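S.K.: Need a 3D model of the sequence below.
(2 chains)
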Protein chains: 2
Amino acid sequence: MQLPSKLIQDAVEEMAKLPGIGKKTALRLVLHLLNSDKEQTTMLSNALVQMRENVKYCKKCHNVSDEEICNICSSNNRDKSTICVVESIKDVLAIENTAHYRGEYHVLGGIISPLEGIGPSDLSIDLLIERVSQHDSEVKEVILALSPTMEGDTTAFYISKKLKSCDIKLSTIARGVPIGGEIEYTDEVTLGRSIMTRTLFS
Amino acid sequence: MQLPSKLIQDAVEEMAKLPGIGKKTALRLVLHLLNSDKEQTTMLSNALVQMRENVKYCKKCHNVSDEEICNICSSNNRDKSTICVVESIKDVLAIENTAHYRGEYHVLGGIISPLEGIGPSDLSIDLLIERVSQHDSEVKEVILALSPTMEGDTTAFYISKKLKSCDIKLSTIARGVPIGGEIEYTDEVTLGRSIMTRTLFS
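M.R.: Numbers count the residues shown, from 1 in each chain, chains lettered A, B, ... in the order given. Predicted structure coming up:
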C-alpha cells in the first residue's frame, strides 16, 4: 500500500506493530485521528508515553502500580495470609472481577517457556520465595492460579519445588468442566480429570 | 473494570476512543506497550503527533500530502484532463490499487449528509468547481466515484448541478453485479439497474 504521505505511512507502520492491528486497521485508526481534533491525538500520545515512563511495579507483588506498593498490597481489607500467584496483570483483573478472592497476589510477569527463552530468572519467582520465607511472614497459603497449559504446569511445578521447604499450604485453582459447559463437548482430558478430582455434592 | 494504576487507566481510556477498539482490546494493546521496549511507545506516540501536526492537504485536490501539492497532482505522468471525485483518501488508495486510472483526483473530505450535519460548504466542492472552471483549465472529464448510497447520490446530484455550466463530460463509475458475485444473490436494485444499463458484449 503506497500512501501519499510519508507522515501517514510512518504512523500506520507504528500502529501496525501493535498486536492484532493490521495495516488496513492501522490506516483506519490513523485516518480517524487525522479527521478528529488535534487534541485527541495529543491526549492519546501523552497518555501512552506517561503510562510507559511512569508506571511502577509494586515492590511486594510485582503488580503494576502508581506507587511503590500497589493498592491491593497496601489495603487493610485484604487477607495477608493468602497469596494468589498469577502470570500477568490481566489475570489479577480477571480474578478481582469475580469478587471471590480477598487475599493478596503475586504477579510473575510471564511463565517459564523454554521455546520463547523465558526462564525462572526472568520472572519474579525469587521475590515470591522471599515474601513467603521471611521470618515475619504471615503467609499460610499460596494458590497457584496459572493456565492449565504445559508452560503453566512447568511453572507451577518449579514454584512448588522452590516452596517445599516453607511451612505453607500450596494449592491450585480447580480444573474441571466450566459452568455452562456441556459434558458432551468437554475435551477428554478435562472430563477425565474432573471425574478423578470429584468433590462432595453439597 | 477497575485498573490498579491510574496511568494505565488513562492510556486505556484514550485508546478505547479509537473506532472499533473496545476497553478489553485497549487494555491488551496498552499492556503490550508496557511489556515492550520504551522506544516502541515513544516512536508510536511521536509518529502519531507528527502526522497529526504536520500532514498538509494538497492545495489542488485536497488529498493528504507532505508538500503543498500532492505527488499525484505534481506528477507529469498523470492525465490532467480527467478528475476523479472521491469521498476520502481511502477511496484514492482503493482506486490507485486497481492501476486502472491515470488521471487526477479530487478528495471531497466527506459526503453531504444532513443527518450528520455535513453540508456542501463542509466539503471541498468549491475548490473542485474552481479547478474545473478556471480559464486555463485542461479538465475535459469529471468522474464521480461516490458510494452508491443516498448520501453519495445526493452529493453526486449536487456536484452535477454545480458543474452544469462547465463544458465538460460528467461520468460516474459503473454500478452492477460485482465480478465474482452471483446473480442469484445480487440485490434486486443492483440487478435491475445492471440490466437497464447493460453494455455491448465484447
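S.K.: what's the distance between the closest residue in space to residue A:133 that isn't next to it in sequence and chain B?
M.R.: Leaving aside its sequence neighbours, residue A:133 sits nearest to residue A:166 (CB to CB, 6 or more residues apart in numbering or on different chains; 5.3 Å). Backbone N, C-alpha and C define where each C-beta goes, glycine included. Distance, residue A:166 to chain B, by CB to the nearest CB, to the nearest Å: 27 Å.
S.K.: Could you list which residues are in contact with residue A:166?
M.R.: A:129, A:132-133 (CB atoms under 8 Å, 6 or more residues apart in numbering or on different chains).
S.K.: nearest spatial neighbour of the residue nearest the centre of chain A, skipping sequence neighbours?
M.R.: Nearest residue to the geometric centre of chain A (CA atoms, centre = their mean): residue A:88, 1.5 Å. Among residues not flanking residue A:88 along the chain, residue A:107 sits closest, at 6.5 Å (CB to CB, 6+ apart).
S.K.: same check, this time on residue A:22
M.R.: residue A:16 (6.3 Å).
S.K.: For burial, what's the neighbour tally of that neighbour?
M.R.: A count of neighbours around residue A:16, defined by other CB atoms under 10 Å in any protein chain shown, yields 16.
S.K.: what's the answer for residue A:32, then?
M.R.: 16.
S.K.: follow-up on the earlier one: ok, the contacts of residue A:166 vs residue B:84, which is closest?
M.R.: Nearest to residue B:84 among the contacts of residue A:166, counting by CB to CB, is residue A:129 at 67.7 Å.
S.K.: sorry, back to before: select only the buried ones of the contacts of residue A:166 in ChimeraX?
M.R.: In ChimeraX syntax, the buried subset of the contacts of residue A:166 is picked out as below (16 or more other CB atoms under 10 Å in any protein chain shown):
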select /A:132
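S.K.: immediately after the lengthiest strand in chain A, which helix or strand?
M.R.: Criterion DSSP state E: the longest strand present in chain A is strand A:79-86. Using DSSP states H and E, the helix or strand that follows strand A:79-86 in sequence is helix A:89-98.
S.K.: domain ranges for chain A?
M.R.: Chain A breaks down by automatic domain parsing into domains covering A:6-54, A:76-172.
S.K.: returning to that earlier point: wait, the residue nearest to the centre of chain A touches residue B:32, no?
M.R.: No. Judged on CB atoms under 8 Å, residue A:88 makes no contact with residue B:32 at a distance of 11.1 Å.
S.K.: Give me the neighbour count for residue A:193.
M.R.: The burial count for residue A:193: 16, using other CB under 10 Å.
S.K.: so how far is residue A:185 from it?
M.R.: Distance of residue A:193 to residue A:185, given as CB to CB, to the nearest Å: 16 Å.
S.K.: which helices and strands does the longest helix seen in chain A pack with?
M.R.: Assignment by DSSP state H gives helix A:38-54 as the longest helix of chain A. On a contact count with 3 or more CB pairs under 8 Å, 6 or more residues apart in numbering or on different chains; DSSP states H and E, helix A:38-54 meets helix A:23-35, helix B:6-15, helix B:23-35, helix B:38-54.
S.K.: Would you mind telling me which of the ones you listed is nearest residue A:73?
M.R.: With CB to CB as the yardstick, what comes closest out of the helices and strands packed on helix A:38-54 is helix B:6-15 (16.4 Å).
S.K.: list the helices and strands the closest one packs on?
M.R.: helix A:38-54, helix B:23-35.
S.K.: relative orientation of it and helix B:23-35 in degrees?
M.R.: Between helix B:6-15 and helix B:23-35, the angle comes out at 130 degrees (axes from the mean of the first three to the mean of the last three CA atoms, to 10 degrees).
S.K.: how many degrees apart are helix B:6-15 and helix B:38-54 in direction?
M.R.: Using the same axes, to 10 degrees: helix B:6-15 against helix B:38-54 is 40 degrees.
S.K.: Quick one: mean pLDDT for helix B:6-15?
M.R.: Average pLDDT, helix B:6-15: 93.
S.K.: Would you point out the helix or strand in chain A whose mean pLDDT is lowest?
M.R.: Least confident element among the helices and strands of chain A, by mean pLDDT, DSSP states H and E: helix A:188-196 (a mean of 87).
S.K.: in that helix, what counts as buried?
M.R.: Applying 16+ other CB under 10 Å to helix A:188-196 flags A:191, A:193-194 as buried.
S.K.: buried stuff in stretch A:169-189?
M.R.: Under 16+ other CB under 10 Å, the buried positions of stretch A:169-189 are A:170, A:172, A:176-177.
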